[in-house]
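Chemist: make a model of this:
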Amino acid sequence: MAETKRPTIPAAEEILGGYFPVLDHGFVSLVDYMGSDEDIERAARVSYGHGTRKSSQTRGLIRYLRRHAHTTPTEMVEFKFHCSMPIFVARQWIRHRTACLAEGTEIYFDLPGGIDRRGNQLHKLPIEELWKKFAPTRNITRPDKQRNPYRKRERVQQMHLRQVNEDTLDIQHTKIVDVIYNGPKPVFRIKLSDGKSIEATSDHRFLFAEGWKTLRDAVGLEESNGLATWSRGDHFMYVNGVVMEEPALYRERDWLRDRYHKLGMKIDDIAAEAGVSDHTIRKWLRQHGLSKPCRFEPGHTPWNVGKTYQLGSREMPETWLENVRAARSGPASNFWRGGCSSNREAIGRWTTQAAHRVHRRNGWTCQLCYERASELHCHHIVPVWADESLARDESNLTTLCGDCHRSIQGKEHEAAEQLTGHTIHTEWKNRPRVAWNKLTKARLVQIESIVFVGVKNTYDLEVEGPHHNFIANGIVTHNSVNEMSGRYSLMPLLFYKPKPESFALQSASNNQGRQSEPADPSLYAEAIERWERLRADASDTYGWLLKEDVARELARIDLPLSAYTQWYWKIDLHNLLHFLRLRVDSHAQWEIQEYGRVMAGMLARVAPLTYEAWLDYEVLGEKMSVAELNVIRSLIEPAGPGLKSKAVELTADELAAAGLSGRERQELLDKLVPVERPDYSLDLTKMRTPESMAEHMAEAVPDAEN
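Modeler: Predicted coordinates:
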């Protein structure tokens, strides 16, 4: 193994990159970590004598930090996980978000009309409006008139969200998966030198010149007494970019093969990325021998072979014609170029307007062969490249027939001398034609100021891959999860099947949970039979659609929530502790508890002192309301440095008189019941290698070629 100067923990290195199975087909892997208990202490003390520090002092400080919920020191430690879980578990998992954008943040979309014309037609929506559209609407009409309550959500999920290709920095498009409301949080306003600004929490990640970083990591952002403190300097963030010209990538065989065969992109999407028509992409796929074979069986005859048809005459009403003219004028026209044209385009337009006068002056006769022809061209005698000052001079225009106009290509000097009798001294410089793409690239802009703006409602987006970022307020921003995308990758046909002991009926006292006892075995057997039948149909349909070359983004739409997905998840220690506190709790869904236990075992290896304090104060410890504390005070009292019992018995009525409801009384009694200390130690005998796990997943991927 290569040496590293980065501090490492032997117990963590032992499991680094290993895969621990969860449920029947899931897993959790610690891909990377940064920091340990020592980094927490260093951040808290800032300065100490390293040689005189004792381990007992480190333990005491970390326990003090956990007791008093200090956040900043524990944010210095970070984890990166690779996880696989059923989609229904993923939807619950993703609800835990810390990095957020403030209300009022505008999310950038492109309208389909602008994309079709190889241009932009920007459409902005505030993030809180997106969240409202994702909520189901209320049906207040009679049953036969009710509409789909999720119609607004489905429309938003089809919109073209702007995204940056992190490999090439090109602006492309993706789709929204979900919008999450994260509640009120302290936010900062970041203002850039070009006037753009955005409000976000300090742990939200943006694309800096050095890569993806949180505001805290990139500029040392902190809030102190209502003021933002940060290290001023040359900090540059990527923003919604600038149009650049680059040699056409669509002519390169490797570039086309990667997108068409490896990524499985549709021809329309490749054309949109390259800024050309889909016909151009098809042409170069044929030239490079990359076209996919015909799906028809040998000997198949298309239904329309040898058939022709002819449309009859149609008379359009004037109102229809007026609507067409209005729809194709100005920016709505496919000839619109943003209100400006290049000088060469302007010269061509002027020449077309002057052609009629020139041809009439020359009697509609070619001035080289002196023949009349149906094809006439208005030709610059002295070429524009030779003397641009004569480009708009009608005396420099003449009439040529189509054959003569084509014959003088490359011989403009001789033609000019024949037409005018004068010698053209400017030499033609041969400039071979190179195809170019006009691509919109993200660009870097410097941070000008950061201010603390208080507590605001915050939100976040979940978007489709392969690059999990989006444009907000013109700035490239990121979410905290990179989920496997069924638009680009083939989904492994693995489905979660609960074990008999975890299959239970709905709890009567908890609307979000299940009963502790398993359901009747016959009910379990019938449920499994129904699930297997549904999953077999979904798998068969998915495989059939792929073989028919249906777009992957459509083929996946009816895969059930029990199907497994994957993602990479990066989180700091402070937020990981909060996540695990919720997910290892007995009230959490059993399936996500299983993931929480494995991740807690990984935490114990990276930061064992923090893990110990977390168990003592947050997992095994309990919070008390003022009513509960008053009840405890009525039973015991301080006695010098100790405690003394009052030997008093409280009845249920007395507890109610103290302000405790029936549920609160039961919760207090539950808090006083001794709890066994959980053991989240990892079983290293179950750890699998990346190769074996990848092979297991690959075996479940359908073969789309056969």
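
Chemist: contacting residues for residue 580?
Modeler: 596, 599, 600, 603, 614 (CB atoms under 8 Å, 6 or more residues apart in numbering). For every residue, glycine as well, the C-beta is placed using N, CA and C.

Chemist: then residue 354?
Modeler: Applying CB under 8 Å, 6+ apart, the residues near residue 354 are 378, 394, 397.

Chemist: from residue 6, how far out is it?
Modeler: The gap separating residue 354 from residue 6 is 72 Å, by CB to CB, to the nearest Å.

Chemist: and the strands in the stretch 401-550 of the chain?
Modeler: Counting by DSSP state E, counting those that start in this stretch, the stretch 401-550 of the chain has strands at residues 436-463, 469-472, 475-478, 481-483.

Chemist: least trustworthy helix or strand in this protein by mean pLDDT?
Modeler: strand 481-483 (a mean of 56; mean pLDDT, DSSP states H and E).

Chemist: shaky segments in the stretch 451-600 of the chain?
Modeler: 465, 480-489, 509-513 (pLDDT under 70).

Chemist: what comes up buried for the longest helix seen in the chain?
Modeler: Secondary structure of the chain per DSSP state H: the longest helix is helix 521-547. For helix 521-547, a neighbour-count test (16 or more other CB atoms under 10 Å) marks 524, 531, 535, 538, 539, 542, 543, 545, 546 as buried.

Chemist: now stretch 190-198
Modeler: Residues 190, 192, 196, 197, 198 are the ones in stretch 190-198 that count as buried (16+ other CB under 10 Å).

Chemist: repeat that for stretch 565-581.
Modeler: 565-580.

Chemist: same check, this time on stretch 316-335
Modeler: Going by 16+ other CB under 10 Å, stretch 316-335 has no buried residues at all.

Chemist: dump it to PDB, restricted to CA.
Modeler: C-alpha atoms of stretch 316-335 as PDB (Å, rounded to 0.1, in the frame of the first residue of the first chain):
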ATOM      1  CA  MET A 316     -56.000  27.700 -44.600                       C
ATOM      2  CA  PRO A 317     -58.200  30.300 -43.000                       C
ATOM      3  CA  GLU A 318     -56.800  33.800 -42.500                       C
ATOM      4  CA  THR A 319     -56.900  33.500 -38.700                       C
ATOM      5  CA  TRP A 320     -54.800  30.400 -38.900                       C
ATOM      6  CA  LEU A 321     -52.200  32.100 -41.100                       C
ATOM      7  CA  GLU A 322     -52.100  35.100 -38.700                       C
ATOM      8  CA  ASN A 323     -51.400  32.800 -35.800                       C
ATOM      9  CA  VAL A 324     -48.600  31.100 -37.700                       C
ATOM     10  CA  ARG A 325     -47.000  34.400 -38.600                       C
ATOM     11  CA  ALA A 326     -47.200  35.600 -35.000                       C
ATOM     12  CA  ALA A 327     -45.800  32.300 -33.700                       C
ATOM     13  CA  ARG A 328     -42.800  32.500 -36.100                       C
ATOM     14  CA  SER A 329     -41.900  36.100 -35.800                       C
ATOM     15  CA  GLY A 330     -39.200  37.600 -33.600                       C
ATOM     16  CA  PRO A 331     -37.700  35.400 -30.900                       C
ATOM     17  CA  ALA A 332     -40.200  32.600 -31.600                       C
ATOM     18  CA  SER A 333     -38.800  32.100 -35.100                       C
ATOM     19  CA  ASN A 334     -36.400  29.300 -35.800                       C
ATOM     20  CA  PHE A 335     -34.300  31.900 -37.700                       C
END
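
Chemist: and it, average pLDDT?
Modeler: Mean pLDDT, computed over stretch 316-335, is 76.

Chemist: the residue nearest to the spatial centre of the chain and residue 181, how far apart?
Modeler: Using CA atoms, centre = their mean, the residue of the chain that lies closest to the mean C-alpha position is residue 468, 2.8 Å off. Applying CB to CB, the value for residue 468 to residue 181 is 19 Å.

Chemist: what do you get for residue 654?
Modeler: 41 Å.

Chemist: can you read off the pLDDT for residue 436?
Modeler: Per-residue pLDDT puts residue 436 at 64.

Chemist: from the chain's centre, how far out does the helix or strand containing residue 29 sit?
Modeler: If you go by DSSP states H and E, residue 29 is part of strand 26-34. Mean C-alpha position of strand 26-34 versus that of the full chain (CA atoms, centre = their mean, to the nearest Å) differs by 21 Å.

Chemist: and that strand, average pLDDT?
Modeler: What strand 26-34 shows for mean pLDDT is 92.

Chemist: what comes up buried for the helix or strand following that strand?
Modeler: Next along the chain after strand 26-34, taking DSSP H and E as the criterion, comes helix 37-45. With burial defined by 16+ other CB under 10 Å, the residues of helix 37-45 counted as buried are 37, 38, 39, 40, 41, 42, 43, 44.

Chemist: just curious, which of those is nearest to residue 498?
Modeler: residue 37 (37.6 Å; CB to CB).

Chemist: residues contacting that closest one?
Modeler: Going by CB under 8 Å, 6+ apart, residue 37 touches 58, 62, 607, 608, 609, 610.
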